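Peer 1: Here is the input, now give the coordinates:
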Amino acid sequence: MSSRYARVRRLFASGNTGRGFRSYFDGIPWPEPRRVFVLKGGPGTGKSAVIRLVAEGLMERGVAVELFHCPSDPASLDAVNAPDLGLAVLDGTPPHAVEPPLPGLVGRLLSLEATADRDLLAARRERIAATGRLVRQRFQLAHRYLALARDALGLYEDFYEHAGALDQAALEQAAHEIEAAIFDGHHRLRRPGRRGRVRRLFASAVTPEGPRHFLDSLLDPLPRRVFVRGNPGTGCAVLVERIAAAALRRGYDIEAYTCGLDGRRLDHVIIPTLGAAVVHNAYPHTYEPKAGDLVIDTAAFVDVESLERYREEMEVAQALFGQAFDQGIWYLRRALMAHQELEQAYATPELRTQVEAYARQILAEADALRARLPAADEGQQLA
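Peer 2: Here you go, the predicted model:
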């Protein structure tokens, strides 16, 4: 499943959700990992810097990359994946602790602990321990408030069910319309007898800066797109999940993008083989459809009059959501501030030398992998 439709894709592999921290780091090395470098080290020891240098080096070589941003600090990178080479570099430290796959064959562990000045750290021990506790406390509070926001959103959605306001027959008809738009005319690409693979990731995240998404980098190159928009509780997630299941039945691999707040519900699905996507186009991940896109507005399936008796309750739930969501973001911002203090405590002057050495080592592996690519593949890659 190559990202042939985009040279640089930006996304998230983890999220601060209403169900706590969620990680899909196992979905980063894709589709066929050949070299996976896992970086270990304390805060501020240069893991993100190594990843950024490798990403820049790959892009300078004309290699398509996927950049995975940190949901707790979007300016920082958690990983880079080069699908055409089968090479990935990941931050393997908590909270997204991962280990190298098939160590010595595919996976390699690189430690940045050597960059730390142990005598200097010993002198800062109490400060580091206290700041670490503060970081954990603030993340816990952020996740609790985001859980409240998720529950309030669930209350809002439930009123559609209480009122019987959603026309299920119309929703079913919309599902058939989307299936036809996505799959009709592509029977020769089906893979009968094989169930598709699922790559789970996040296209958006709740961050200290507020909600962030990179949908443009994922969707702009795709020729076939369906946008589903509507209020929570009007069936948008149902339609996305229907298409995801239909694609898997037909043998297509999919990219399943989970809701950054809920942590389980599906927001978007991309079917790379077809160059197709079904997108839940609503706050906080909005995208402007273009000419030729199919747009389904689930507001057309709602009996507004039946909701009127619940109007006040829905307004209360909406207000509760906004308050809890904003407070969760506030605590994420405070957690980032404390984490930045922790990074400063670990930083040493020798950091840059080790970071650059690891980046050169990884890029040398990338060059070796490029040299083994068939001429046709390399030409397509560099086109």
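
Peer 1: Which positions within the longest helix seen in the chain qualify as buried?
Peer 2: Counting by DSSP state H, the longest helix found in the chain is helix 125-163. With burial defined by 16 or more other C-beta atoms under 10 Å, the residues of helix 125-163 counted as buried are 128, 131-132, 134-135, 138-139, 141-150, 152-153, 155-160, 163. The way it works is simple: take the backbone N, C-alpha and C, and place the C-beta from them, glycine included.

Peer 1: So which elements touch the helix or strand harbouring Ala338?
Peer 2: Using DSSP states H and E, the secondary-structure element containing Ala338 is helix 311-346. Helix 311-346 is packed against helix 125-163, strand 204-207, with contacts defined by 3 or more C-beta pairs under 8 Å, 6 or more residues apart in numbering; DSSP states H and E.

Peer 1: Using a markdown table, lay out these together with mean pLDDT.
Peer 2: As requested, the helices and strands packed on helix 311-346 are arranged in a markdown table below (pLDDT from 0 to 100):
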| stretch | mean pLDDT |
| --- | --- |
| helix 125-163 | 96 |
| strand 204-207 | 97 |
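
Peer 1: what about Gly62, neighbour count?
Peer 2: Residues contacting Gly62 under the criterion other C-beta atoms under 10 Å number 12.

Peer 1: sorry, back to before: tell me the first helix or strand C-terminal of the helix holding Ala338.
Peer 2: Per DSSP H and E, the helix or strand that comes after helix 311-346 is helix 351-372.

Peer 1: what packs against that following helix?
Peer 2: Checking 3+ C-beta pairs under 8 Å, 6+ apart, helix 351-372 ends up next to strand 35-40, helix 47-60, strand 87-91.

Peer 1: distance between the longest one and the chain's centre?
Peer 2: The gap between where helix 47-60 is centred and where its chain is centred comes out at 19 Å by C-alpha atoms, centre = their mean, to the nearest Å.

Peer 1: quick one, what contacts the closest residue to Met59 other than its chain neighbours?
Peer 2: Spatial nearest neighbour of Met59, excluding adjacent residues (C-beta to C-beta, 6 or more residues apart in numbering): Val65 at 6.0 Å. By C-beta atoms under 8 Å, 6 or more residues apart in numbering, the contact set of Val65 is Arg7, Val8, Arg9, Ala55, Leu58, Met59, Val80, Asn81, Ala82.

Peer 1: Do you know the pLDDT at the first one?
Peer 2: Translated: Arg7. On pLDDT, Arg7 comes in at 87.

Peer 1: now do the one 10 residues further on
Peer 2: Here the pLDDT value assigned to Thr17 is 97.

Peer 1: Tell me what it is bridged to.
Peer 2: When assigned by DSSP bridges, Thr17 has beta-bridge partners Gly20.

Peer 1: ok, now how distant is it from Tyr145?
Peer 2: 12 Å (C-beta to C-beta, to the nearest Å).

Peer 1: what about Gly260, which helix or strand?
Peer 2: Using DSSP H and E, no helix or strand contains Gly260.

Peer 1: now the helices for the stretch 151-300 of the chain?
Peer 2: Assigned by DSSP state H, counting those that start in this stretch, the stretch 151-300 of the chain shows helices spanning 168-183, 215-219, 236-249.

Peer 1: on that earlier part again, most tightly packed of the helices and strands packed on helix 351-372?
Peer 2: strand 87-91 (a mean of 28; mean count of other C-beta atoms under 10 Å).

Peer 1: ok so, going back, list the beta-bridge partners for the residue nearest to Met59.
Peer 2: The partner residues for Val65, given DSSP bridges, come to Val8.

Peer 1: And the pLDDT for the residue nearest to Asp26 when sequence neighbours are not counted?
Peer 2: Nearest residue to Asp26 in three dimensions, chain neighbours excluded: Val98, at 7.3 Å (C-beta to C-beta, 6+ apart). The score at Val98 is 90. That number is its pLDDT.

Peer 1: where in the chain is pLDDT low?
Peer 2: For the chain, applying pLDDT under 70 flags the ranges 1-6, 114-117, 187-192, 349-350, 375-383.

Peer 1: picking that back up, nearest to Gly86, of the helices of the stretch 151-300 of the chain?
Peer 2: helix 215-219 (20.6 Å; C-beta to C-beta).

Peer 1: buried stuff in the closest one?
Peer 2: Here helix 215-219 shows Leu215, Ser217, Leu218, Leu219 as buried, counting by 16+ other C-beta under 10 Å.

Peer 1: roughly how far apart are the first one and His268?
Peer 2: Distance, Leu215 to His268, by C-beta to C-beta: 8 Å.
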